[in-house]
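K.L.:
Here is a sequence with its predicted model. Questions after.
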Amino acid sequence: MRRSLPLYVQIESTLRERIVSGRYPAGGPFPTDERLRQEFGVSRATVRLALDALHREGLIVRYPGRGSFVNEVQERARTLRFHGSVRDLITQGDVHGPTFTVTHVLTARATPAEAAELKLAHDASVTRITGLRKIESQPTAHVIVALPEATGALLRLRRGKVYPPISSMLYDQLNQRIREVRQVIAVAMANPAVARALRIRVGASLLTIRRTYVTFDGTPAEFAVSSYAGDTYQYEAIITGNAQAELPVLA
């Protein structure tokens, strides 16, 4: 498990993988809190935080006096979530996360959105990479990444190849350190290309996540748009308070 993440998040991720893989079969009993506490060597409170997240996601159900069971409902929403630092964000697919398979690479004039996010001239060109994130060969997200043309030429991505997150490659290969990531979540409709890639109907609802990665000198390095089937995925954010300062109470 990755020590950069809170313990309950690491446990939650491990348990989710066991459910998805069938190690804990649908409809079957889920391990007790005490058994999980002993297995992971953590407190009961930490185990409960992990199980609360699985319950919110609909992966397990609870019955008073009987315990927890793996949910038998297969068409449940899958939750996209993130906990951690910018470095955690750009490397989240490196170990057990989804793979990124490139389907197209081309150099083309930047769209208005790409030019604005990357702070390029309106007639500038970008390297545009289209690909799929997959889990166990199943497509989970259609992704379009735009890079400044010179950056894309240095990475030399190839169609049909599988890569780590591109933002991770910017760091590891080009030493471009990401200072911040701006994220926008929106709803869209699937065009024919996205629908074909995600195996959904044209016009189906999409959950889209737009991210702009900015380096320490303030230069936008990457603009990525990830599209997920809207009836399958939801997005969860956990916002915590600042222990050093309290916000005023609004009347």
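P.N.:
In hand now; what should we look at?
K.L.:
Let me see the contact set for Val42.
P.N.:
The contact partners of Val42, by CB atoms under 8 Å, 6 or more residues apart in numbering, come to 7-8, 11. In this view, the C-beta of every residue, glycine as well, is placed from N, C-alpha and C.
K.L.:
This protein: strands as residue ranges?
P.N.:
For the chain, applying DSSP state E gives strands covering 60-63, 67-70, 78-81, 99-109, 125-135, 138-148, 162-163, 178-189, 205-215, 220-229, 233-236.
K.L.:
Make TSV out of these and add mean neighbour count.
P.N.:
Listed next are the strands of the chain as TSV, based on neighbours: other CB atoms under 10 Å:
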stretch	mean neighbour count
strand 60-63	14
strand 67-70	16
strand 78-81	16
strand 99-109	15
strand 125-135	20
strand 138-148	22
strand 162-163	14
strand 178-189	13
strand 205-215	19
strand 220-229	22
strand 233-236	15
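K.L.:
Mind checking those for the one nearest to Arg18?
P.N.:
With respect to Arg18, and counting by CB to CB, the nearest of those is strand 67-70 at 9.3 Å.
K.L.:
For that closest one, enumerate the helices and strands it packs against.
P.N.:
strand 60-63 (3 or more CB pairs under 8 Å, 6 or more residues apart in numbering; DSSP states H and E).
K.L.:
So which residues make contact with the strand it packs on?
P.N.:
19, 30, 51, 54-55, 68-71.
K.L.:
Likewise for stretch 176-190?
P.N.:
Stretch 176-190 is contacted from outside by 86-87, 89-90, 151, 167, 170-171, 198, 200-216, 218, 221, 227, 230, 235, using CB under 8 Å, 6+ apart.
K.L.:
hey, which helix or strand in the chain has the poorest pLDDT?
P.N.:
Sorted by mean pLDDT, DSSP states H and E, the helices and strands of the chain end with strand 78-81, the least confident at a mean of 54.
K.L.:
possible to save the contacts of Val42 as CSV with pLDDT?
P.N.:
Output for the contacts of Val42, formatted as CSV (pLDDT from 0 to 100):
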residue, pLDDT
Leu7, 86
Tyr8, 87
Ile11, 90
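K.L.:
Out of these, give me the one that has the most neighbours.
P.N.:
Ile11 (24 neighbours; other CB atoms under 10 Å).
K.L.:
Enumerate every residue touching it.
P.N.:
Ile11 neighbours (CB under 8 Å, 6+ apart): 1, 36, 40, 42, 46-47, 50.
K.L.:
of those residues, closest to Ile144?
P.N.:
Among the contacts of Ile11, and counting by CB to CB, the member closest to Ile144 is Met1, at 31.7 Å.
K.L.:
and that closest one, what pLDDT?
P.N.:
pLDDT for Met1: 48.
K.L.:
Same check on the one 5 residues further on?
P.N.:
At Pro6 the predicted local confidence, pLDDT, stands at 80.
K.L.:
Which positions within stretch 156-169 qualify as buried?
P.N.:
157, 163-169 (16 or more other CB atoms under 10 Å).
K.L.:
Can I get those in a markdown table including distance to Tyr63 and pLDDT?
P.N.:
As requested, the buried residues of stretch 156-169 are exported to a markdown table (distance: CB to CB, whole Å; pLDDT from 0 to 100):
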| residue | distance to Tyr63 | pLDDT |
| --- | --- | --- |
| Leu157 | 49 | 94 |
| Tyr163 | 44 | 90 |
| Pro164 | 41 | 86 |
| Pro165 | 40 | 85 |
| Ile166 | 44 | 89 |
| Ser167 | 43 | 86 |
| Ser168 | 42 | 86 |
| Met169 | 46 | 90 |
